[in-house]
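J.: Fold the stuff below for me.
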Amino acid sequence: MGFFDKLKSGLSKTKTSLDDKINGVFSTFRKVDEELLEELEEALIMSDIGMDTSLEIISKLRNRIKRENIKDSEEVKQVLREEIKNILEICDNSLKLETKPSVILVIRSKWSSEKLLQ
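T.: The predicted model follows:
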């Protein structure tokens, strides 16, 4: 198995883990409330999204739920997709290779923005 096959396999496992965790939350909670948001936050953190990014996503999701008066869990799922997509689009994707060794993280945003949580 070549390098890119291993990379693709690893990304696939991450996507599956994220999908499973988030879809599990939505299958358990039908009511849009603080408990749903707390479980989504935990699912994001456990899926290696990162603490700061997870908190930012949930904060933006919470604000949109209040502002748009969202009551349906399917609407919450759609807004969650949009917020994750927005974060991926605004990321600084320039390489900073001043340090040695440097680490390059590859994120295949196509699956993140189009197929996440389907």
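
J.: Residue nearest the middle of this structure, spatially speaking?
T.: Nearest residue to the geometric centre of the chain (CA atoms, centre = their mean): Ile84, 5.1 Å.

J.: is it fair to say that one lies in a strand?
T.: No: under DSSP: H, G, I helix; E, B strand; the rest coil, Ile84 falls outside any strand and is assigned helix.

J.: And it, how far from Ile57?
T.: For Ile84, the distance to Ile57 equals 6 Å [CB to CB, to the nearest Å]. Using the backbone N, CA and C atoms, a C-beta is placed for each residue, glycine as well.

J.: Most remote residue from the middle of this structure, which is it?
T.: Outermost in the chain, CA atoms, centre = their mean: Lys100 at 29.4 Å.

J.: lowest average confidence, helix or strand, in this structure?
T.: helix 109-110 (a mean of 50; mean pLDDT, DSSP states H and E).

J.: picking that back up, am I right that the residue nearest to the centre of the chain is in contact with Ile58?
T.: No: the criterion here is CB atoms under 8 Å, and Ile84 misses it with Ile58 at 10.9 Å.

J.: Toward the C-terminus, what is the element adjacent to the strand or helix carrying Ile22?
T.: Per DSSP states H and E: Ile22 is located in helix 3-28. Later in the chain than helix 3-28, the nearest helix or strand by DSSP H and E is helix 34-46.

J.: Not counting sequence-adjacent ones, nearest residue to His45?
T.: You called it His, but residue 45 is Ile. Excluding the flanking residues, the one nearest Ile45 by CB to CB, 6 or more residues apart in numbering is Ser54, at 4.7 Å.

J.: Can you list the buried residues in the strand or helix carrying that neighbour?
T.: The secondary structure element spanning Ser54 is helix 51-68 (assigned by DSSP H and E). Burial within helix 51-68, assessed by neighbour count using 16 or more other CB atoms under 10 Å, is assigned to 53-54, 57-58, 60-61, 64-65.
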